[in-house]
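> kindly generate the corresponding structure for this input.
(one chain, ligands or ions: 4)
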Amino acid sequence: MTGLAEIAGIGADPRRGGYSRHGFDRADLALREWFTAQARRRGLDVECDRNGNLWAWWGRPGDGAVVTGSHLDSVPGGGAFDGPLGVVSALEAVDLLRERGFTPGRPLAVVVFAEEEGGRFGVACLGSRLLTGSLPPETALRLSDSDGVTLAEALRAAGINPTRVGRDDAALARIGTFVELHVEQGRGLVDLAAPVGVARSILAHGRWRLTFTGEGNHAGATLMVDRRDPMVAAAQVVVAARRAALAVEGARATVGRIVPNPGGTNAIPSTVDIWLDARADDDARTRAVVADITAAAEAAAVDEGCAVTVTQESYGDKVVFDPALRDEVAAALGGVPVLPTGAGHDAGILAAHVPTAMLFVRNPTGISHAPEEFAEPADCAAGVAALADVLAHLAR
Ligand code: HGY
Ligand code: MN
Ligand code: MN
Ligand code: MN
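Numbers count the residues shown, from 1 in each chain. Ligands and ions are numbered 1, 2, ... in the order given. Below you'll find the model as predicted:
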């Protein structure tokens, strides 16, 4: 796709592989500039809302609009499609509708939500959570990145006034229907032999930080029996996460990030932060998995003479997309498959406020949040055509 090729050089991460593009960092700001230029080139009016989300309007902005889009940020070392495919497809769908001579009967906008992955400030879907009021602005503004830069500072540096961040009823009222196109992040559409599908639901999911505190000391001079090593306790969490998720049908638990302090090879750490991502089919199952892992963490801390604190950093209950809209969209596409997903999306946040639907494009690798994430050009084109059909149907 032309749009993906245009941004291929932005935020490439030679060390990790793939892309590292995080909210309001240098790569993200370049991507936001690229989007603004692309939208203006198409004669769309671009604005940045109070929460750093970008909107490009086809026609006059107004209430009850048909809105489509996704995000441009990535996980550390992520793929090229998660997020950007939805943004690029939205712009290309506008082109296609114009080629077809279509004029929207309702306002239509393309949106780019800020920091969807939480790769910099830790909270996923930051822009959509702030917009809908599901994250208090005072909590958000205090979030900081690994260099200690707060969200408030990052926003200010990007020219966004942090004192205006928070629930934006006017912006929300303008969304009549939201449709997000996204690369599929599993093998659902491969198994169904379909290039495009419609989302049914999103697993309940959240992130927790466990901080173990022990005693920093010398790796050579400290006898094994004298240690209070928080890394040993943290290691039990990795094993407990696997065991706890396997005990609950459909649950998933992942430790993808561990940060020891001070982080020297020849030093027993004084503290270890370890992040848990847990998901399951409903709130009760997810909470049960996390309770099980928390109990294991506490027992491991006691065994090692350490302390542990557990902090929920973000959470979203199970999302079931609007069944009437879902069926309408699937029917408008000639009866494409409807499938669930284990991945979170801004669409999942918006679904609690406005009728929301998602389109998935087949991913032959079944891999996501990794450089191998992929979609065939023909399937991307099918996604654009499907999105254009859906937008034409909704904005007729
Ligand atoms: O982590 C997720 O599920 C999403 O891709 N942000
Ligand atoms: Mn993602
Ligand atoms: Mn995504
Ligand atoms: Mn020494």
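> near ligand 3, which residues of the protein show up?
Residues of the chain lying close to ligand 3 (CB under 5 Å from the ion) are 82-83. Yep, even glycine has a C-beta here, placed from its N, CA and C like the rest.
> any residue of the longest helix belonging to the chain touching ligand 1?
Taking DSSP state H as the criterion, the chain has its longest helix at helix 283-303. No. Applying CB under 6 Å from any ligand atom, one finds helix 283-303 separated from ligand 1 by no less than 13.2 Å.
> tell me which residues of that helix are tucked away?
Residues of helix 283-303 classed as buried by neighbour count (16 or more other CB atoms under 10 Å): 285-290, 292-294, 296-297, 300-301.
> now stretch 137-156
For stretch 137-156, by 16+ other CB under 10 Å, it's 137, 140-141, 143-145, 149-152, 154-155.
> distance from the chain centre to it, please.
Averaging C-alpha positions (CA atoms, centre = their mean, to the nearest Å) puts stretch 137-156 18 Å from its chain's average.
> so how far does it reach from one end to the other?
14 Å (CA to CA, to the nearest Å).
> which stretches of the stretch 201-350 of the chain form helices?
With helices called from DSSP state H, counting those that start in this stretch, the stretch 201-350 of the chain shows them at 230-246, 283-303, 323-332, 346-350.
> format these as a markdown table; extra columns: mean pLDDT.
Rendered in a markdown table, the data for these read as follows (pLDDT from 0 to 100):
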| stretch | mean pLDDT |
| --- | --- |
| helix 230-246 | 98 |
| helix 283-303 | 98 |
| helix 323-332 | 97 |
| helix 346-350 | 98 |
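> out of those, flag the one nearest A204.
helix 283-303 (4.4 Å; CB to CB).
> how big is the angle separating that closest one from helix 230-246?
Counting by axes from the mean of the first three to the mean of the last three CA atoms, to 10 degrees, helix 283-303 lies at 150 degrees to helix 230-246.
> when you give positions from now on, start the count at 317
Sure thing, new numbering starts at 317, so read that last one as helix 599-619.
> now helix 599-619, how far from the chain's geometric center?
25 Å.
> same thing with stretch 328-335?
Centroid separation for stretch 328-335 versus its chain: 18 Å, with CA atoms, centre = their mean.
> what is the burial count for E565?
9 (other CB atoms under 10 Å).
> repeat for T581
5.
> pretty sure it sits against A535.
Yes. If you go by CB atoms under 8 Å, T581 and A535 touch, sitting 7.4 Å apart.
> any chance of the buried residues of helix 599-619 in CSV, with distance to V481 too?
Formatted as CSV, the buried residues of helix 599-619 follow (distance: CB to CB, whole Å):
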residue, distance to V481
R601, 33
T602, 28
R603, 29
A604, 34
V605, 32
V606, 28
D608, 36
I609, 32
T610, 31
A612, 37
A613, 33
A616, 38
A617, 36
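> can you pick out the most distant pair from those?
Taking CB to CB as the measure, the buried residues of helix 599-619 span a maximum distance of 24.9 Å, between R601 and A617.
> pull up the distance across stretch 424-437, start to finish.
So stretch 424-437: terminal residues 30 Å apart, CA to CA.
> roughly how far apart are the spatially closest residue to R573 that is not a sequence neighbour and ligand 1?
Leaving aside its sequence neighbours, R573 sits nearest to W591 (CB to CB, 6 or more residues apart in numbering; 4.3 Å). Remark: distance between W591 and ligand 1 (CB to the nearest ligand atom, to the nearest Å) = 12 Å.
> if I look at W591, how far off is A557?
To A557, W591 is 11 Å away according to CB to CB, to the nearest Å.
> rewinding a little: list the contacts of the longest helix of the chain.
519-522, 524, 526, 528, 548-550, 552-553, 556-557, 559-561, 563-567, 569, 592, 594-596, 622-624, 626, 633-634 (CB atoms under 8 Å, 6 or more residues apart in numbering).
> among those, name the buried ones.
Buried members of the contacts of helix 599-619, scored by 16+ other CB under 10 Å, are 519-522, 524, 526, 528, 548-550, 552-553, 556-557, 560-561, 564, 567, 569, 592, 594-596, 622-624, 626, 634.
> care to break the chain down by domain?
In terms of domains, the chain is parsed into 318-519+634-710, 520-632 (source: automatic domain parsing).
> could you identify which of the ones you listed is most buried?
Ranked by mean neighbour count, those are led by domain 318-519+634-710 with a mean of 20 (mean count of other CB atoms under 10 Å).
> the closest residue in space to G579 that isn't next to it in sequence: what's it in contact with?
In this structure, G579 finds its nearest non-sequential neighbour in P585, 7.0 Å apart by CB to CB, 6+ apart. Residues in contact with P585 (CB under 8 Å, 6+ apart) are 530, 532, 545-547, 576-579.
> tell me the spacing between P585 and V428.
39 Å.
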